[in-house]
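# quick one, structure for this:
(chains A and B)
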Amino acid sequence: MKGSKPRNRNVLPGFGLSLGFTLFYLSLIVLIPLVAVFFRTAELSWPEFWSTVTSARVLASYRVSFVTAFAAGLVNAVFGLIIAWVLVRYRFPGKKLVDSLVDLPFALPTAVAGIALTAIYAPNGWIGSLLEPLGVKIAYSPVGITIALIFIGLPFVVRTVQPVLQDLDQETEEAAVMLGAYRLRTFRKVILPELTPALVTGFALAFARGIGEYGSVVFISGNMPMKTEIAPLLIMTKLEQYDYAGATAIALVMLVVSFLMLLVINVLQWRMNRRAVAD
Amino acid sequence: MAGAITVHASDEAARRPKPITESGPVKWILIGIAFLFLGLVVLLPLASVFVEAFKKGADVYIDSITEPDALSALKLTLLVAVIAVPVNTVFGIAAAWAISKFRFRGKNILITLIDLPFAVSPVISGLIYVLLFGAQGFLGPWLDERGIQIIFAVPGIVLATVFVTVPFVARELIPLMQAQGVQEEEAAASLGAKGWQIFWRVTVPNIKWGLLYGVILCNARAMGEFGAVSVVSGHIRGETNTLPLHVEILYNEYQFSASFAVASLLVMLAVVTLVVKSIVEWKTGRQRPIG
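As a prediction, the model looks like this:
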């Protein structure tokens, strides 16, 4: 028994128990149920599957989900960077509050975020009523979906960039200044390249969360097929019509995309960690 | 060398000599942008929940959160959290113990698998249990014969919630325990401490704040989960409605004040979560990455 355990670490007990329980629990709760999706889809013939996932309404829902999640990710990359920058580099009144507010989207149930954002951006809401005379429509349009996804994704960017910015070696910045670089140039040439991996990771996390998001979006989107219907909602609609095969087929495509995103994010993070270790 | 500086990096940065920081106006413009953005995207929605909730007065507010359907939704939400959070806490501790204290092959894959529920859309998290236990699911007929109902009933809600909250405690503990290493536990073992003694006397005191934070995040998500629970619940009033689902039903019935009143309870849950997070950060003196 002792000999089978890894070298140097065999003093501590509980390896078999803790790893065994971890694998058992993960299989039971996560892996086996997920595999069910693949089995269920396998009951469809290939042409059936293909015609389901490439029907006009399904394609439109993928497009809405991807485009809005992408746009929200970009907005968050810009403003998330500014917020992280301000939090790391400056001292100002209300800093603690700003820091806490960044985490709110994580702690707030998505349905609450959904109805609150709708209340503000609807045509009779605080901001919606200001924009309506200008002909700008936010709620019940793709812009509204994007705003909900900005809310959901913000902490991912800020909390990924913040620690990297904090650990940034300031000597290189000083050197750049000594060599006569202006502040903006220092930022572009010295700071931004260092932050790029973290920014991309934060963007990818926000994007991955955005394409699957449901609760905050359904209220503000208006759910018009072909226009503001997101893919998770279409799964829901198919389930309510007892079209299990259709729902599962759409889900399978989304799962594959999610797994790919997870892979990309993990590779990015391993790289960032290796970089941190190398430093 | 760098470690001593990074602890107070923000203070250090704030006191840095002139040429390495931005000019005054640029600094205040950036701070202004940060405030404006957070105000529009985060603070305003938060304020609107309370404004809408009290629009028709305090009486409507109190009625909305004390009527029987709201109370039964609250009870179910608490029940789900009371089951899902401890189960995932035990899992998180076990997973973190195996991953941080031992070396084995495939560790990175295991960590990725633990993260998996984060990558899956909440709707799909519910769907997979419908496929397994629903009337047309793999085990549906078998369960039906025995009169066991999981989907459109409380067990399904619990299962879906457990699924979406699997990673929270583990994610918080794994980096923390990896950073702490094994020396203290090994020292205790060499002094003759038994397994559980080592765990309770050495490990738990070291990880208690991280553990608390993981538990509180897990709890916030367990009580607030909407998409996954929505798929498996069946929306039976007074029976399979959690608080977030109750918010949705009231909203769709145009009972906006009542809907926002119930939502305000969930806002308070979020605020408590953030306060605990601040306390944990203050106690441990470091920024905790989340998500």
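# residue 23: neighbour count?
Because you didn't say which chain, this covers chain A. Applying other C-beta atoms under 10 Å in any protein chain shown, we find 16 residues neighbouring A:Leu23. In short, each C-beta sits where N, CA and C put it, glycine included.
# that's the wrong chain, I wanted chain B
10.
# ok, now B:Val26?
B:Val26, neighbours per other C-beta under 10 Å, totals 12.
# over to the one 10 residues further on?
When counting by other C-beta under 10 Å, one arrives at 11 neighbours for B:Leu36.
# need phi/psi at it.
The phi and psi torsions at B:Leu36 (degrees, to the nearest 10) take the values phi -60, psi -50.
# measure it to chain A for me?
Counting by C-beta to the nearest C-beta, to the nearest Å, the gap from B:Leu36 to chain A is 9 Å.
# pLDDT below threshold where in the stretch 1-150 of chain B?
Applying pLDDT under 70 to the stretch 1-150 of chain B flags the ranges B:1-22.
# one more time with 80, if that's ok
Counting by pLDDT under 80, the stretch 1-150 of chain B contains low-confidence ranges at B:1-24.
# in it, which residue sits closest to chain A?
The stretch 1-150 of chain B approaches chain A most closely through B:Ser121 (2.9 Å), counting by C-beta to the nearest C-beta.
# next, that residue: phi, psi?
Per degrees, to the nearest 10, the backbone of B:Ser121 is at phi -60, psi 140.
# where do the helices sit along the stretch 151-279 of chain A?
Assigned by DSSP state H, counting those that start in this stretch, the helices in the stretch 151-279 of chain A fall at A:170-178, A:183-186, A:192-212, A:215-221, A:231-240, A:244-278.
# just name the most buried of those.
Burial of these is given as mean neighbour count (mean count of other C-beta atoms under 10 Å in any protein chain shown); helix A:215-221 ranks first at a mean of 28.
# other residues contacting that helix?
If you take C-beta atoms under 8 Å, 6 or more residues apart in numbering or on different chains as the criterion, helix A:215-221 is touched by A:109-111, A:113-115, A:117-118, A:121, A:139-140, A:144-145, A:147-149, A:151-152, A:228-230, A:232-233, B:122, B:226-227, B:230, B:244, B:251.
# re the thing from before, these two touch, right, the residue of the stretch 1-150 of chain B closest to chain A and A:Tyr214?
Yes - between B:Ser121 and A:Tyr214 there is a contact under C-beta atoms under 8 Å: 6.7 Å.
# between those two, which contacts overlap?
By C-beta under 8 Å, 6+ apart, the residues touching both B:Ser121 and A:Tyr214 are A:Pro232, B:Gly227.
# any weak-confidence spans in chain A?
For chain A, the ranges with pLDDT under 80 are A:1-11, A:169-186, A:188-190, A:270-279.
# for chain B, what is the nearest residue in the stretch 1-150 of chain A?
As assessed by C-beta to the nearest C-beta, chain B sits closest to A:Pro109 within the stretch 1-150 of chain A, at 2.8 Å.
# could you report the neighbour count for the nearest residue to that residue once chain neighbours are set aside?
Take A:Pro109 and drop its neighbours on the chain: the residue closest to it by C-beta to C-beta, 6 or more residues apart in numbering or on different chains is B:Gly224, 2.8 Å away. Using other C-beta under 10 Å, B:Gly224 has 27 neighbouring residues.
# B:Gly224: what's it in contact with?
By C-beta under 8 Å, 6+ apart, B:Gly224 lies in contact with A:Ala107, A:Leu108, A:Pro109, A:Thr110, A:Ala111, A:Val112, B:Pro244, B:Leu266, B:Leu269, B:Ala270.
# now it: how far from B:Pro244?
Separation of B:Gly224 from B:Pro244 (C-beta to C-beta, to the nearest Å): 6 Å.
# same thing with B:Ala47?
Applying C-beta to C-beta, the value for B:Ala47 to B:Pro244 is 20 Å.
# looking only at neighbour counts, state which of those two leads.
A direct count of neighbours by other C-beta under 10 Å for B:Ala47 and B:Pro244 places B:Pro244 higher, at 26 against 15.
# the more buried one contacts B:Leu266, correct?
Yes - counting by C-beta under 8 Å, B:Leu266 is a contact partner of B:Pro244 at 6.7 Å.
# shared neighbours, B:Gly224 and B:Pro244?
Common neighbours of B:Gly224 and B:Pro244 (C-beta under 8 Å, 6+ apart) are A:Pro109, A:Thr110, A:Ala111, A:Val112, B:Leu266.
# burial of B:Pro141, as a residue count?
By the measure other C-beta under 10 Å, the count of residues near B:Pro141 is 10.
# I figured the residue of the stretch 1-150 of chain A closest to chain B hits B:Met223, correct?
Yes - shown here, A:Pro109 and B:Met223 form a contact pair, counting by C-beta under 8 Å, at 7.3 Å.
# list the buried residues in stretch B:132-148.
By neighbour count on 16 or more other C-beta atoms under 10 Å in any protein chain shown, the buried set for stretch B:132-148 is B:Leu132, B:Phe133, B:Gly134, B:Gly137, B:Gly140, B:Leu143.
# ok, and the closest non-adjacent residue to the third one?
On the basis of C-beta to C-beta, 6+ apart, the spatially nearest residue to B:Gly134 that is not a chain neighbour turns out to be B:Ile151, at 4.5 Å.
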